[in-house]
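>>> The following block contains a protein sequence and its predicted model.
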Amino acid sequence: MQIDAFTVLLFGLFIKVVLGALFIVFWIDDRRSRWFLWWSASFFLGGLTAALFMLRRDAPDILAVGLGNMALFACFACAWQGARVFDGREPLWSPVVVVPATWFAFSLFPTFLADIGLRVIVSSLMAGPLIAMSAVEFWRGRTEALRSRWPLVAMFSLLALFFLIRIPLVNVLPFPFGALPMRPGWLGAFNLIIFSHVIIITVLIVSMTKERLELDQRMKALTDPLTGALNRRAFSERGERLLRRHERENVSLCLAVLDLDRFKAFNDDHGHAGGDRVLTRFVSVVHDCIRPTDLLFRLGGEEFCCLLSHTNLERGAGVAERIRQTVQEQCVNLAGDGARVTVSIGVASTELCGFEIDALLHQADLALYEAKRQGRNRVITAAATDGDDEPVQDGISILRAKGLAPDVAAQ
């Protein structure tokens, strides 16, 4: 049974026009999703390609081959730019213009149009890299956990390989797979392969867009809207998972509870706008002091906590002291009147408190209360209730020997 190339092209034309219109509707529904416009343009250009290829029997080669492939390369270039925009990068206009224009310039030479082998090689060298760049762009955004991303990378990679493999087979297979005389059904099979890839890629694009929307909604539910820090709900969910993982790996983890000193009085004096500026700046300072793998949560009001993964008590206290000093140095003049901002921090470790999130938080809270009691703007660490070398008060040990809070001894 032969595959009718004209029927495949006609069906592909209809589907691409419908998908192009549908993607415009998606963009109208959410104007921030600019990638839909690029992919819509890609579909319309693909439909134009199919329409020009359908005229090949009756139209001159400059129209069917020259303009048809020109539209095809523009289609692939637009798909590449849609991938860039999807992952937050600016589109590149030069490939959309330069590659199709280069092909059309070649097509102006009759010798080029007459040499099928040369056309196959040049078109493959143009189409393959354009398609591969879409795979590269989606791969670059791999840190965003979207399930459909990797199948989409695979499909674009396979389609790019499909075009590039024509080069070594140019003298082996019939046109359009190679340069040998075309046989019945080969043109239809070629277009059917491309069309099937387009359909699968379209489904994956829509699926990935939906996954991003769901991920954004989950992140909003777990993020404090003012500061951008994770919220208490995220602390309950992620903290428990992080502790279970550290328990399985038998490695220590530290929890630091941070509370801005006299923040309520500051809020009363400078208003909520001044308080919001302090909270936002404070979160920025803390993020600069911790690793990307560490997590900062806003528990409520001016109280925050940090989960420091793969960190023992001594290192955790060092990180807390670095935060304290940086806040004292940088969180000043935020209200415009020289008001200073300081933070008290309590630190607890799984080394002494175990891997239960509530127990760890309780001990860090006790350490924080002790820091407040001793005058604020200091770091206190929780210790076992019968510590050996450090003085213990209600289960709280002060790292006096570490030089983390030199003014403690004067209290």
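Now that the structure is in, tell me what you want to look at. Please read all numbers here as calculations on a predicted model, not as lab measurements.
>>> low-scoring stretches of the stretch 251-400 of the chain, by residue?
331-339, 384-400 (pLDDT under 70).
>>> All the strands of it, in order from the start?
Secondary structure of the stretch 251-400 of the chain (DSSP state E, counting those that start in this stretch): strands at 254-260, 295-300, 303-308, 343-349, 379-382, 392-393, 396-397.
>>> Residue 361: which of those is closest?
When these are compared by CB to CB, strand 254-260 sits nearest residue 361, at 6.3 Å. For glycine as for every other residue, the C-beta is placed from the backbone atoms N, C-alpha and C.
>>> helices or strands up against the closest one?
Packed against strand 254-260 by the contact rule (3 or more CB pairs under 8 Å, 6 or more residues apart in numbering; DSSP states H and E) you find helix 263-289, strand 303-308, helix 313-330, strand 343-349, helix 357-373.
>>> tell me the angle of that strand relative to strand 303-308?
Interaxial angle of strand 254-260 relative to strand 303-308 (axes from the mean of the first three to the mean of the last three CA atoms, to 10 degrees): 160 degrees.
>>> Export strand 254-260 to CSV, keeping only CA atoms.
C-alpha atoms of strand 254-260 as CSV (Å, rounded to 0.1, in the frame of the first residue of the first chain):
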residue,chain,number,x,y,z
CYS,A,254,21.2,22.1,61.5
LEU,A,255,18.1,24.2,62.1
ALA,A,256,18.6,27.9,62.8
VAL,A,257,15.7,30.0,64.0
LEU,A,258,16.1,33.7,63.3
ASP,A,259,14.1,36.5,64.9
LEU,A,260,14.5,40.2,64.2
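>>> Tell me the helix or strand right after the helix or strand where residue 18 lies.
Take DSSP states H and E as the rule and residue 18 turns out to sit in helix 5-29. Next along the chain after helix 5-29, taking DSSP H and E as the criterion, comes helix 35-54.
>>> Look at residue 91 and give its secondary structure.
At residue 91 the chain is in coil, as set by DSSP: H, G, I helix; E, B strand; the rest coil.
>>> Which pLDDT does the model give it?
The confidence metric pLDDT takes the value 95 at residue 91.
>>> And it, how far from residue 43?
Remark: distance between residue 91 and residue 43 (CB to CB, to the nearest Å) = 16 Å.
>>> Ok, residue 298 next?
44 Å.
>>> Please apply the same query to residue 164.
From residue 164 to residue 43 the distance is 23 Å (CB to CB).
>>> picking up where we left off before, between residue 91 and residue 43, which one's more packed in?
Higher neighbour count among residue 91 and residue 43: residue 43, with 24 against 19, using other CB atoms under 10 Å.
>>> close enough to count as contact, that one and residue 20?
Yes - applying CB atoms under 8 Å, one finds residue 43 in contact with residue 20, separated by 3.5 Å.
>>> ok, the residue nearest the centre of the chain - contacts?
For the chain, the residue sitting closest to the mean C-alpha position, by CA atoms, centre = their mean, is residue 144 at 3.4 Å. Residues near residue 144 by CB atoms under 8 Å, 6 or more residues apart in numbering: 87, 212, 215.
>>> quick check, it in a strand?
No - Residue 144: not assigned to a strand; according to three-state DSSP it is coil.
>>> want to throw the strands of the stretch 251-400 of the chain into CSV with mean neighbour count and distance to residue 245?
As requested, the strands of the stretch 251-400 of the chain are exported to CSV (neighbours: other CB atoms under 10 Å; distance: least, CB to CB, whole Å):
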stretch, mean neighbour count, distance to residue 245
strand 254-260, 27, 15
strand 295-300, 20, 13
strand 303-308, 24, 11
strand 343-349, 28, 16
strand 379-382, 29, 22
strand 392-393, 14, 30
strand 396-397, 23, 27
